[in-house]
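Chemist: Any chance you could fold what I've pasted below:
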Amino acid sequence: MGYAVIGTVEGTAFGRLTMLQLPGDDFDATLADLAAKGIGAEPPELPGGVDGPRTSWITDPDGYRIELVQWPAGHADGITEADVA
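Modeler: Down below sits the predicted model:
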C-alpha cells in the first residue's frame with residue numbers, strides 16, 4: 001500500500017493532523033489489509049450521510065487514535081494538497 005503525505009496541520013483541537021493520500025486504494029480493501037496485519041479498525045461510518053465521507057478509526061500501539069477518511073471523488077469538503085499548502 002503506497003501513500004504520499006499531502007500535508008500536516010498543527011494546533012487543531014485534536015493536536016497535529018497529518019493527511020496521507022492513498023491513491024487508488026479502496027477503503028474496504030485498506031481496512032482488510034490492516035486487519036490482515038493485526039490492526040483492527042472500527043466499523044466504517046458515514047457521519048455526513050451517504051454523500052459524505054466514509055470514516056473508520058484505528059488505535060496505534062501507543063494508544064493514539066487515527067481516523068481514516070475516504071472522501072467521495074469531487075466532494076466539496078475533500079482535502080487536497082492545495083488545502084494544506
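Chemist: When you work out contacts or count neighbours from here on, use the C-alpha atoms and nothing else.
Modeler: Noted.
Chemist: Secondary structure element holding the residue most central in space within the chain?
Modeler: By C-alpha atoms, centre = their mean, the chain has its centre lying nearest to residue 68, at 2.5 Å. In this structure, residue 68 sits in strand 65-70 according to DSSP states H and E.
Chemist: Provide the strand pairings for that strand, with the direction of each partner.
Modeler: For strand 65-70, the paired strands and their directions (DSSP bridges) read strand 54-59 (antiparallel).
Chemist: can you list contacts of the partner strand?
Modeler: Residues outside strand 54-59 that contact it (C-alpha atoms under 8 Å, 6 or more residues apart in numbering): 39-47, 65-71.
Chemist: same question for that strand, mean pLDDT?
Modeler: Averaging the model's pLDDT scores along strand 54-59 yields 90.
Chemist: Please identify the buried residues of that strand?
Modeler: Buried positions in strand 54-59, judged by neighbour count with 16 or more other C-alpha atoms under 10 Å: 54-58.
Chemist: Same list (those residues) but as CSV, adding distance to residue 34.
Modeler: Rendered in CSV, the data for these read as follows (distance: C-alpha to C-alpha, whole Å):
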residue, distance to residue 34
54, 16
55, 14
56, 12
57, 11
58, 9
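Chemist: and of those, the nearest to residue 14?
Modeler: In terms of C-alpha to C-alpha, no member of the buried residues of strand 54-59 lies closer to residue 14 than residue 57, at 13.9 Å.
Chemist: Nearest residue to that closest one in space, please, no chain neighbours.
Modeler: For residue 57, ignoring the flanking residues on the chain, the nearest one in space by C-alpha to C-alpha, 6 or more residues apart in numbering is residue 67 at 4.5 Å.
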